[in-house]
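Asker: please find the sequence and the predicted model below.
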Amino acid sequence: MLFLLLFCFSLGITIHSHIFHRSTFINSANFISGGVYGTVTNISDYFSLKTYNNRLIDENIRLREELLKNGISEIDSTVTSSTDSTTNYVLHRAEVYKNSYKAPKNYLLINKGSHQGIKEDMGVITSGGIIGIVENTSANYAVVQSVLNTNSQINASLKNTNHFGTLSWNEKKDYRKVQLTDIPKQANIKIGDTIITGGMSSIFPKGILVGTVEKFTFNQSGNAYIIDVKLNNDMTNVGYVYIIENKDKNEIEQLLETTENE
């Protein structure tokens, strides 16, 4: 027993002090936990098929309505390929195997990884709005940092005015709300206003739904708002997600880095 205790202690030190060992440990843990949660999810999905089918039907209706508004009558039935050859974004579909929403730092585990083209810092959404950002990947799984994570910071804006700020989560609040800060006091804000992604980063395109304004106050200095945003997504019930790939992400980041270093 003493040998096992010392062995585990030394193994922990090795993992935390060496980048290669830590990376290998994370990938292995993702693989094992992904397999276990995959089996559990397959069983629970069997009893939730009607709910998922209704959601898919609703989403298809919304997509066709948007296509009709833009004068398009047909759409490619696959989600994994772009419907517009000129777009900079491609969507990948994935299933959620694990989801937390009550801890200070919440994560989701999805069943797509580097072998399927998923990379760190890709945005994750559903038909209802934003979910989070990919943080780590293994071959066939990925861990997503939830929007309900105290480390999460996402650019978002008021749809009606285009004033933008930082979307974060106060763990003392509940899982149905996030906070939008740094909105200047000149902005005309009303209860019920729509909050969307601001498009000021290479992760999320502009216009992805976040939620609606539920309450707002001034910060301590009195020059900016602190807004409570009611999430459009039900973060306790996330089954399938879309991962956003920005094909121009590397080019944009290299250009910004070059500019900042000048």
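Answerer: Cool, the structure landed. Numbering: from 1, shown residues only.
Asker: may I have the strands that pair with whatever helix or strand Leu167 lives in, each with its orientation?
Answerer: Assigned by DSSP states H and E, Leu167 belongs to strand 164-168. Here strand 164-168 has these sheet partners by DSSP bridges: strand 154-158 (antiparallel), strand 177-184 (antiparallel).
Asker: out of those, which gets nearest to Tyr141?
Answerer: Nearest of the strands paired with strand 164-168 to Tyr141, taken as CB to CB: strand 154-158 at 22.6 Å. C-betas here are computed from N, CA, C, even on glycine.
Asker: which residues does the closest one contact?
Answerer: 130, 133, 147, 163-168, 180, 183, 187, 189, 193-201, 203-204, 206, 210, 213, 229 (CB atoms under 8 Å, 6 or more residues apart in numbering).
Asker: please enumerate the strands of the stretch 1-150 of the chain.
Answerer: 89-99, 105-110, 123-126, 129-137, 142-149 (DSSP state E, counting those that start in this stretch).
Asker: could you tell me the least trusted of the ones you listed?
Answerer: Note on these: lowest mean pLDDT is at strand 89-99, with a mean of 88.
Asker: and that strand, what other elements does it pack with?
Answerer: helix 19-46, strand 105-110, strand 240-246 (3 or more CB pairs under 8 Å, 6 or more residues apart in numbering; DSSP states H and E).
Asker: can you do 10 Å?
Answerer: helix 19-46, strand 105-110, strand 123-126, strand 129-137, strand 142-149, strand 240-246 (3 or more CB pairs under 10 Å, 6 or more residues apart in numbering; DSSP states H and E).
Asker: the fifth one vs strand 105-110, what angle?
Answerer: Meaning strand 142-149. 150 degrees (axes from the mean of the first three to the mean of the last three CA atoms, to 10 degrees).
Asker: same question for the last one.
Answerer: In terms of direction (the same axes, to 10 degrees), strand 240-246 departs from strand 105-110 by 90 degrees.
Asker: so strand 240-246 versus strand 89-99, what angle?
Answerer: When the same axes, to 10 degrees is applied, the directions of strand 240-246 and strand 89-99 differ by 140 degrees.
Asker: before we move on, back to that, for the strand holding Leu167, the distance to its chain's centre please.
Answerer: With CA atoms, centre = their mean, to the nearest Å as the basis, strand 164-168 stands 14 Å off its chain's centre.
Asker: ok, stretch 226-241 next?
Answerer: On the basis of CA atoms, centre = their mean, stretch 226-241 sits 10 Å off its chain's mean C-alpha point.
Asker: average model confidence for that stretch?
Answerer: Computed over stretch 226-241, the average pLDDT equals 92.
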